[in-house]
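Q: Build me a model from this:
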Amino acid sequence: MKFNKTIVSLVIFAFVFSCATNPFTGKKTMAFVSNDQLFPMAFAQYGQVMAENKVITGTKDADMITRVGQRIAVAAERWLTANGHQSYLKDYKWEYKLIESEQVNAWCMPGGKIAFYTGILPIAANETGVAAIMGHEVAHALANHGQQRMSASYLQQGLAVAGNVALANDQQALGIFNQSYGVVSNVAGMLPFSRSHETEADKIGLYLMAIAGYNPTEASVLWERMKANSGGGAPPEFLSTHPSNDSRIQNLKALAPKAKAEAKKFGITDFRPIN
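A: As a prediction, this is how the structure comes out:
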């Protein structure tokens, strides 16, 4: 029993003392893996993805992805500097690539490596739509969501091990635990955790696009197009990694005036035309 308590105590100790406060959210977040470890892995994976796909360069769309990405990065730097976090992006190596693919997807890896797929451009529809997507994806990196997901996965695995050790002498209880733990820890833990990240990224991304000079009101319009493209086939929200489209649209509408107010602090009162 003493050994079992030691295992659980070590898991709790690791959770409590492996946290860092994120400047964008103001929250203490799990950081079992440092950026010194995470960024090189992300950069290597990004290079592999680029090598295995057709990267489009020198086109109007490719130039737009770079232009929007640079503006979002500058917006992040301005916000961080204004809030006393000048060195937060010192290890970022920004890169913006357009990949030829029918996938409706875009992402930003930890450390600022960004990819857009051509399949998402018709839904983005214009540069402001691209900025809404870019802001959201960059926000995931800035809020250390990749680091948190990896840390949460380690915690989930650690608690599973602790449960198995604690119940090793009770085979019936052990069987019940192993049958239910995965489902319960996902539905009650990992999935809400992931949805909270999406909501955080929506808010941070909206602020960034506004500071970059793009109208944040258009973000909810983008997600209306996303909803139409999905065909209504999404799972129930509580079983999804993402908020429902309707929840997201309403949230973005409510946040848009706040994003405009934040942009006004940086002298941004007029937004770039939609084109």
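
Q: can you pull out the strands in the stretch 101-250 of the chain?
A: Assigned by DSSP state E, counting those that start in this stretch, the strands in the stretch 101-250 of the chain fall at 106-109, 113-117.

Q: can you list contacts of the longest one?
A: Under the criterion C-beta atoms under 8 Å, 6 or more residues apart in numbering, residues 42-43, 46, 49-50, 65, 69, 93-108, 130, 133-134, 137-138 lie in contact with strand 113-117. For every residue, glycine as well, the C-beta is placed using N, CA and C.

Q: Sheet-wise, list the partners of it with their directions.
A: Strand 113-117 sits in its sheet next to strand 95-99 (parallel), strand 106-109 (antiparallel), going by DSSP bridges.

Q: weakest of those in terms of mean pLDDT?
A: Of all the strands paired with strand 113-117, strand 106-109 carries the lowest average pLDDT, namely a mean of 90.

Q: for the strands paired with strand 113-117, which one sits closest to S34?
A: With C-beta to C-beta as the criterion, S34 lies closest to strand 106-109 of the strands paired with strand 113-117, at 15.6 Å.

Q: Give me the contact list for the closest one.
A: 42-43, 45-46, 114-117, 120, 133-134, 137-138, 140-141, 146.

Q: again, 7 Å this time
A: For strand 106-109, the external contacting residues (C-beta atoms under 7 Å, 6 or more residues apart in numbering) are 42, 45-46, 114-117, 120, 133, 137-138, 140-141.

Q: Please indicate which of these are buried?
A: Buried subset of the contacts of strand 106-109 (neighbour count, 16 or more other C-beta atoms under 10 Å): 42, 46, 114-117, 120, 133, 137-138, 140-141.

Q: how about TSV for those, with pLDDT and distance to L89 added?
A: Below are the buried ones among the contacts of strand 106-109 laid out as TSV (pLDDT from 0 to 100; distance: C-beta to C-beta, whole Å):
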residue	pLDDT	distance to L89
A42	89	14
Y46	94	17
I114	95	14
A115	94	19
F116	96	20
Y117	95	25
I120	94	25
I133	95	20
E137	91	16
V138	94	11
H140	88	15
A141	88	10
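
Q: Quick check: the farthest pair among those residues?
A: Once C-beta to C-beta is applied, those give A42 and I120 as the farthest pair, at 20.6 Å.

Q: remind me which residues of this structure are low pLDDT?
A: Residue ranges of the chain with pLDDT under 70: 1-19, 29-32, 146-195, 232-243.

Q: the helices in it, which residues?
A: Taking DSSP state H to define them, one finds helices in the chain at 2-17, 35-52, 60-82, 121-124, 127-142, 145-166, 171-185, 191-211, 218-230, 245-264.

Q: list the buried ones in the fourth one?
A: Within helix 121-124, the residues scored as buried using 16+ other C-beta under 10 Å are 121, 123-124.

Q: now swap in the longest one and tell me
A: For helix 60-82, burial by neighbour count (16+ other C-beta under 10 Å) applies to 62, 64-66, 68-69, 71-73, 75-80.

Q: of all those, which comes closest to V55?
A: Using C-beta to C-beta, the buried residues of helix 60-82 come closest to V55 at A62, 8.4 Å.

Q: correct me, but the closest one touches I56?
A: Yes. At 4.9 Å, A62 counts as touching I56 under the criterion of C-beta atoms under 7 Å.

Q: Common neighbours of the two, please.
A: L98.

Q: so which of the strands of the stretch 101-250 of the chain comes closest to N245?
A: strand 106-109 (16.7 Å).

Q: Just the C-alphas of that closest one, formatted as PDB.
A: As requested, the backbone C-alpha atoms of strand 106-109 are provided in PDB (Å, rounded to 0.1, in the frame of the first residue of the first chain):
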ATOM      1  CA  ALA A 106      -4.200  24.100 -41.900                       C
ATOM      2  CA  TRP A 107      -1.900  23.800 -38.800                       C
ATOM      3  CA  CYS A 108       0.900  25.500 -36.900                       C
ATOM      4  CA  MET A 109       3.400  23.400 -35.100                       C
END
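
Q: now the strands paired with strand 113-117 as a markdown table including distance to S87 and mean neighbour count?
A: Formatted as a markdown table, those follow (distance: least, C-beta to C-beta, whole Å; neighbours: other C-beta atoms under 10 Å):
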| stretch | distance to S87 | mean neighbour count |
| --- | --- | --- |
| strand 95-99 | 20 | 21 |
| strand 106-109 | 20 | 22 |
